[in-house]
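Asker: let's see this in three dimensions:
(chains A, B, C and D)
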Protein chains: 4
Amino acid sequence: MVNEVTLAEAKSMLDAAESKAEEMDLKMNLAVTNSEGNLLAFRRMDGAKLVAANIAQNKAYTAAAVKKPTHDLKEGAEPGGDVYGLNTTDNGRVVVFGGGFPVERDGDVVGAIGASGADVSEDMEISKAGLDAFQ
Amino acid sequence: MVNEVTLAEAKSMLDAAESKAEEMDLKMNLAVTNSEGNLLAFRRMDGAKLVAANIAQNKAYTAAAVKKPTHDLKEGAEPGGDVYGLNTTDNGRVVVFGGGFPVERDGDVVGAIGASGADVSEDMEISKAGLDAFQ
Amino acid sequence: MVNEVTLAEAKSMLDAAESKAEEMDLKMNLAVTNSEGNLLAFRRMDGAKLVAANIAQNKAYTAAAVKKPTHDLKEGAEPGGDVYGLNTTDNGRVVVFGGGFPVERDGDVVGAIGASGADVSEDMEISKAGLDAFQ
Amino acid sequence: MVNEVTLAEAKSMLDAAESKAEEMDLKMNLAVTNSEGNLLAFRRMDGAKLVAANIAQNKAYTAAAVKKPTHDLKEGAEPGGDVYGLNTTDNGRVVVFGGGFPVERDGDVVGAIGASGADVSEDMEISKAGLDAFQ
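Answerer: Numbering: from 1, shown residues only, chains lettered A, B, ... in the order given. So this is what the prediction gives:
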C-alpha cells in the first residue's frame, strides 16, 4: 500500500471540496477512498441529504474500483449500452452518474474522491475541486 | 453433482483465459463456478479492476444459474424486454452483459466461466478462450 | 434534529481523538454520527486496520442508537446476561465492547463518537479524548 | 499497491497449501487476499465443503483486516474476553478461529491466506504450508 492517498492528503481534498461547496452555497456529502475502494475520510455537511452520504461513498468506491470517473460509465450502463445493468452489479455499489473521480499519482490509481448532494454538474464541480487540491 | 467441473479442469480453463488476456495485454478477473453457481476457482490478475472481481464471479454464477451465456440475457432485460428487471433479481447477482458462459458436458451444464475487466467483446473473447480449453 | 452535532464539532472531536492517538503512537479509525446513527465524519489514520473502519463506525452507531457507551452493553450481551445476543441484532451493527460514547447536550443525545484500532482500553481512551473536546 | 502479493505469489501459496492438503488426504477451500482484504485467488478442492468456501475467504480477509493470525482472536472474542462479540462485527466477516495468516514483506502486511475444510489444527497446518511458500 505504498503510494496510496494518505489521510493528510484526503483531508486536504475534502477541505478544498468543502470550501467549493460553501462558495456555491451547497450542502454536500464528501468521501475519499484508497485504491481498493475502502473509505479513508468522510464528511457530511450540515443539512446535507442522507441519501447522498451513501452515494458520495459509492461514487468514490466506483471511481477506485473501475479506475474511471463515474460519469464515463453513464452511456454504457444505459438501455442499449454495452454494459446495461452495470449499476446493479457489485452489490449495488456502482454509481454511473457524475461526481466520482479516481486520484492518480505517477500513473497509478491511488484512491478516489466522491461528492453528492446537489445536481450532477455541481457534484462534479465540487468533486473536481477536491481532486485538484491533490494534484 | 457427479459430472461436475473438477478443480483441475477449472485451473486449465483459467490458465487458458489468463494466457489469452496476457496475449491481449489486458488485466482480468477470472472465475469458474460449479453447476450450482458456487465458486470453484478465481484469479485476479495484477492491476485488474476491483469492480470486475465481483462481476466476473457473478457472470459465472449467472451463466450457471440461468444455463445460458450472459450476453443472451441482455435483450430481454432491457426496457421493453420480456424480463425487464432481470438484473435486479436474485439479490443483484444476475449480470446481463457478455463474458459468462455455461460449461457443458454430455449435454448437461456442469459449471460456468466468467471474465471481467475490459470491454465486453474482450471479456467474451477471454472467457471463450477458457471455455474452449474445457471442450 | 435541531441541536445535533455539527460538522464543525465533529471535526473538533476527531482532531482531538487523532491527536491523542498520535501521542499514544496508535493507528486508529475514528467516526462521529448524528443522533440517528448516521455518519457525519470519518477518518482512517495511515496504516490503521481495515476491520476497525467498520467497527469504529458501528461503535458510534451503537452509542447513538442505544444512547449508552458501548462498554455498558458488554455484561448484558454475554452468556447469562439479560440481552444475550444483543450484538447479533440490528443487522449485526451493535458493538458490545468499549470505544463508543454518546455525545450529549442539554441532557439530549445529539450524536456519538467511536474509535477502533487498538486494545479496548486504548480505544476507549482515544474516543473519550474526542468526546471531551465536545464538552 | 506496490509491495502487494502478486497473483504469481498467490498461486505458489495455493499450490503449496493444496499439495499439503493432498498429502494429508483432506479436501480444502483455499484463499489469498491482498492487504485490503480483497480476493486475489481461490480454489475449492473437489469434494470440499461448501461452508468452508466462505470461511476460507473470510479467514484470509480477517487476517488482512486485523493484521493478525485468526487464531489470535479466539480468546478475546469468547465470553468474558475483551472484545466479546468481535466475530459478529464487520458484517459477520470476522473469523475468530485458526486457519488465517497475514502475509508480510519487509515488515508490512501485503496480503493474507486462509484455509478451511477440516479440523482447525489441520486448517492451520495447511494454511501455514501456503504461508511458508511465500517466505
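
Asker: most remote residue from the middle of chain A, which is it?
Answerer: In terms of distance from the mean C-alpha position of chain A, residue A:80 ranks first, at 25.5 Å (Cα atoms, centre = their mean).

Asker: got the contact list for that one?
Answerer: Residues counted as contacts of residue A:80 (Cβ atoms under 8 Å, 6 or more residues apart in numbering or on different chains) are residue B:78. All C-beta spots, glycine's among them, are computed from the backbone N, C-alpha and C.

Asker: which pLDDT value belongs to it?
Answerer: On the pLDDT scale, residue A:80 is placed at 96.

Asker: three-state assignment of it?
Answerer: With DSSP: H, G, I helix; E, B strand; the rest coil as the basis, residue A:80 sits in coil.

Asker: so which residues of chain A form helices?
Answerer: Using DSSP state H, the helices of chain A run over A:7-23, A:51-66, A:74-77, A:120-134.

Asker: residues near residue A:78, how many?
Answerer: 17 (other Cβ atoms under 10 Å in any protein chain shown).

Asker: so how far is residue C:72 from it?
Answerer: 50 Å (Cβ to Cβ, to the nearest Å).

Asker: count the residues that sit near the closest residue in space to residue A:86 that isn't next to it in sequence.
Answerer: Spatial nearest neighbour of residue A:86, chain neighbours left out: residue A:77 (4.1 Å); criterion: Cβ to Cβ, 6 or more residues apart in numbering or on different chains. By other Cβ under 10 Å, the residues close to residue A:77 number 20.

Asker: residues in contact with residue A:77?
Answerer: Neighbouring residues of residue A:77 by Cβ under 8 Å, 6+ apart: A:83-87, A:94, A:96.

Asker: ok, longest strand in chain A?
Answerer: strand A:108-116 (DSSP state E).

Asker: so what secondary structure elements neighbour that one?
Answerer: The helices and strands touching strand A:108-116, judged by 3 or more Cβ pairs under 8 Å, 6 or more residues apart in numbering or on different chains; DSSP states H and E, are helix A:7-23, strand A:29-34, helix A:51-66, strand A:100-105, helix A:120-134.

Asker: what lines up beside it in the sheet?
Answerer: strand A:29-34 (antiparallel), strand A:100-105 (antiparallel) (DSSP bridges).

Asker: how about those strands in a markdown table, adding distance to residue C:43, mean pLDDT and mean neighbour count?
Answerer: Output for the strands paired with strand A:108-116, formatted as a markdown table (distance: least, Cβ to Cβ, whole Å; pLDDT from 0 to 100; neighbours: other Cβ atoms under 10 Å in any protein chain shown):
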| stretch | distance to residue C:43 | mean pLDDT | mean neighbour count |
| --- | --- | --- | --- |
| strand A:29-34 | 10 | 98 | 31 |
| strand A:100-105 | 17 | 98 | 24 |
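
Asker: possible to save the ones you listed as TSV with distance to residue B:29?
Answerer: Below are these laid out as TSV (distance: least, Cβ to Cβ, whole Å):
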stretch	distance to residue B:29
strand A:29-34	19
strand A:100-105	18
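
Asker: just say which of the helices of chain A is most tucked in.
Answerer: Highest mean neighbour count among the helices of chain A (mean count of other Cβ atoms under 10 Å in any protein chain shown): helix A:51-66, with a mean of 26.

Asker: is any residue of that one near chain D?
Answerer: No: Helix A:51-66 lies out of reach of chain D by Cβ under 8 Å from any Cβ of the partner chain, never closer than 9.6 Å.

Asker: quick check: the residue of chain A nearest chain C.
Answerer: Residue nearest to chain C within chain A: residue A:42 (4.1 Å; Cβ to the nearest Cβ).

Asker: coming back round to it: output the helices of chain A in a markdown table, with mean pLDDT appended to each entry.
Answerer: Below are the helices of chain A laid out as a markdown table (pLDDT from 0 to 100):
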| stretch | mean pLDDT |
| --- | --- |
| helix A:7-23 | 98 |
| helix A:51-66 | 98 |
| helix A:74-77 | 97 |
| helix A:120-134 | 98 |
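
Asker: make TSV from those and add distance to residue D:6 to it.
Answerer: Output for these, formatted as TSV (distance: least, Cβ to Cβ, whole Å):
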stretch	distance to residue D:6
helix A:7-23	26
helix A:51-66	20
helix A:74-77	30
helix A:120-134	27
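
Asker: ok, residue A:85 to residue B:55 distance?
Answerer: Relative to residue B:55, and taking Cβ to Cβ, residue A:85 is found at 10 Å.

Asker: shared neighbours of the two, anything?
Answerer: With Cβ under 8 Å, 6+ apart as the test, residue A:85 and residue B:55 both reach residue B:95.

Asker: contacting residues around the closest residue to residue A:130 other than its chain neighbours?
Answerer: Distance criterion Cβ to Cβ, 6+ apart; nearest residue to residue A:130, sequence neighbours excluded, is residue A:17 at 3.4 Å. Residue A:17 makes contact with A:28, A:30, A:113, A:115, A:126-127, A:129-130, A:133 under the criterion Cβ under 8 Å, 6+ apart.

Asker: write out the residues of chain A neighbouring chain C.
Answerer: Neighbours of chain C within chain A, by Cβ under 8 Å from any Cβ: A:6-7, A:10-11, A:38-46, A:50, A:53.

Asker: now do 7 Å
Answerer: A:6-7, A:38-46, A:50, A:53 (Cβ under 7 Å from any Cβ of the partner chain).

Asker: identify the farthest-apart pair in those.
Answerer: A:6 and A:50 (28.7 Å; Cβ to Cβ).

Asker: more neighbours: which of those two?
Answerer: Neighbour count, other Cβ under 10 Å: between residue A:6 and residue A:50, residue A:6 has more, with 16 against 13.

Asker: got the contact list for the more buried one?
Answerer: Neighbour list for residue A:6: residue C:46 [criterion: Cβ atoms under 7 Å, 6 or more residues apart in numbering or on different chains].

Asker: hmm, try it at 10 Å
Answerer: A:12, A:34, A:40, A:110-111, C:45-47 (Cβ atoms under 10 Å, 6 or more residues apart in numbering or on different chains).

Asker: check residue A:35 too.
Answerer: Contact partners of residue A:35, counting by Cβ under 10 Å, 6+ apart, are A:1, A:3-5, A:64-65, A:67, A:102-105, A:108-112, B:50, D:1, D:36.

Asker: redo that, cut-off 6 Å
Answerer: By Cβ atoms under 6 Å, 6 or more residues apart in numbering or on different chains, the contact list for residue A:35 reads A:64, A:109-111, D:1.

Asker: how about the residues of chain A by chain B?
Answerer: Contact residues (Cβ under 6 Å from any Cβ of the partner chain) of chain A with chain B: A:37, A:65-67, A:79, A:82-85, A:88-90, A:92.

Asker: among those residues, who's most crowded?
Answerer: With neighbours defined as other Cβ under 10 Å, the most crowded of these is residue A:65; it has 28 neighbours.

Asker: tell me what the spatially closest residue to residue A:53 that is not a sequence neighbour is bridged to.
Answerer: Spatial nearest neighbour of residue A:53, chain neighbours left out: residue A:29 (4.6 Å); criterion: Cβ to Cβ, 6+ apart. Beta-bridge pairing of residue A:29, defined through DSSP bridges, involves residue A:44, residue A:116.

Asker: what do you get for the one 10 residues further on?
Answerer: Legend: beta-bridge partners of residue A:39 under DSSP bridges are residue A:33.

Asker: now do it against residue C:42, distance only.
Answerer: 6 Å.

Asker: and what of residue A:50?
Answerer: Per Cβ to Cβ, residue A:50 is found 15 Å from residue C:42.

Asker: swap in residue A:64?
Answerer: From residue A:64 across to residue C:42, the span is 16 Å (Cβ to Cβ).

Asker: which residues does the residue nearest to the spatial centre of chain A contact?
Answerer: Note on chain A: the residue nearest the mean C-alpha position is residue A:114, at 1.7 Å, using Cα atoms, centre = their mean. Applying Cβ under 6 Å, 6+ apart, we find residue A:114 in contact with A:31, A:56, A:59-60, A:99-100.
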